[in-house]
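> Sequence and computational prediction follow.
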Amino acid sequence: MIQKVYSHHNSPEVISNLCARLRDGAVLVYPMDGVYALGCHALKERAVERICRLKQVDPKTHPLSVVCKDLSAVSEYAYMSTKAFKLLKNSLPGPFTFILPAKNALPRIFRGRKGSEVGIRIPESELLVQLLEMMDAPLMTASLPSPPDDDESYLVSPELIDECWGDYVDLVLDAGDGRVAQTTVVSLMDDEPEVIREGEGHIDL
């Protein structure tokens, strides 16, 4: 099922209905600052498990990520040193995923890996900021599975995404065609920044 949404000026009713579905454990495909991704309410462990099964990843060995509305929300779910806080403050919102130690406020599934690390993002999208503020909880986020025949159209076209994954998720949000993009992944597990993957974000370490 596809639902049309907009990058800006979605009605409170639309946001409220999406929040209600997420609180009920829905898994959806949503636009994340240009790229489409899988998402669910991060505190609903069964929904997180559904995404892991869809992605065919083991959370005990594969890192998981969440989207938070702001740095205050990040501090509820991950440990930040003063140095890490300053780096996130200077870099987010933006095309970065920062790896931080997870707090117990996140479900156990996020803390199964050695070190209990979690990926952290803060969105630029007004749609996501509205959703996160009303939901008052983080959104678990994951990239879409590899597309058929490596056709990147299935990563950016809501219609093709629905054709491919619509039977496996509860809702596909359509904000128009996206674009293929990767975040820069930076580990802060040892408090010294380490770039794990180069992406769109540029950072001076």
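Ah, there it is.

> Can you give me the neighbour number for residue 15?
18 (other C-beta atoms under 10 Å). In this view, the C-beta of every residue, glycine as well, is placed from N, C-alpha and C.

> what sits against the closest residue to residue 165 other than its chain neighbours?
With C-beta to C-beta, 6 or more residues apart in numbering as the criterion, residue 165 has its nearest non-adjacent residue at 6.4 Å, and that residue is residue 29. Contact analysis of residue 29 by C-beta atoms under 8 Å, 6 or more residues apart in numbering lists 36-39, 144, 158, 161-162, 165, 169, 171-173.

> Could you rerun that using 7 Å?
36, 38, 161, 165, 169, 172, 173 (C-beta atoms under 7 Å, 6 or more residues apart in numbering).

> And the pLDDT for it?
Residue 29 is assigned 98 on the pLDDT scale.

> Next SSE downstream of the helix or strand hosting residue 161?
Assessed by DSSP states H and E, residue 161 sits inside helix 158-165. Using DSSP H and E, the helix or strand that follows helix 158-165 towards the C-terminus is strand 171-174.

> Can you give the contact residues for that following strand?
For strand 171-174, using C-beta under 7 Å, 6+ apart, the contacting residues are 1-5, 21, 26, 28-31, 158, 161-162, 166.

> Grab the most central residue of the protein for me.
residue 141 (2.7 Å; C-alpha atoms, centre = their mean).

> Counting neighbours, which bits of stretch 163-177 end up buried?
By neighbour count on 16 or more other C-beta atoms under 10 Å, the buried set for stretch 163-177 is 164, 165, 166, 169, 170, 171, 172, 173, 174, 175.

> re earlier: A helix includes the residue nearest to residue 165, no?
No - remark: residue 29 does not belong to a helix; assigned using DSSP: H, G, I helix; E, B strand; the rest coil, it is strand.

> Adjust the sequence numbering to begin at 53 for everything that follows.
Will do, 53 is the new start, and the previous item becomes residue 81.

> Tell me the spacing between it and residue 225.
Per C-beta to C-beta, to the nearest Å, residue 81 is found 7 Å from residue 225.

> what about dumping the CA coordinates of the helix or strand of the chain with the lowest mean pLDDT to CSV?
Between all helices and strands in the chain, the lowest mean by mean pLDDT, DSSP states H and E belongs to helix 205-208, at a mean of 92. What follows is helix 205-208 as a C-alpha-only set of coordinates in CSV (Å, rounded to 0.1, in the frame of the first residue of the first chain):
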residue,chain,number,x,y,z
SER,A,205,15.4,2.3,-9.7
TYR,A,206,14.0,-0.1,-7.1
LEU,A,207,15.7,2.0,-4.4
VAL,A,208,14.4,5.4,-5.4
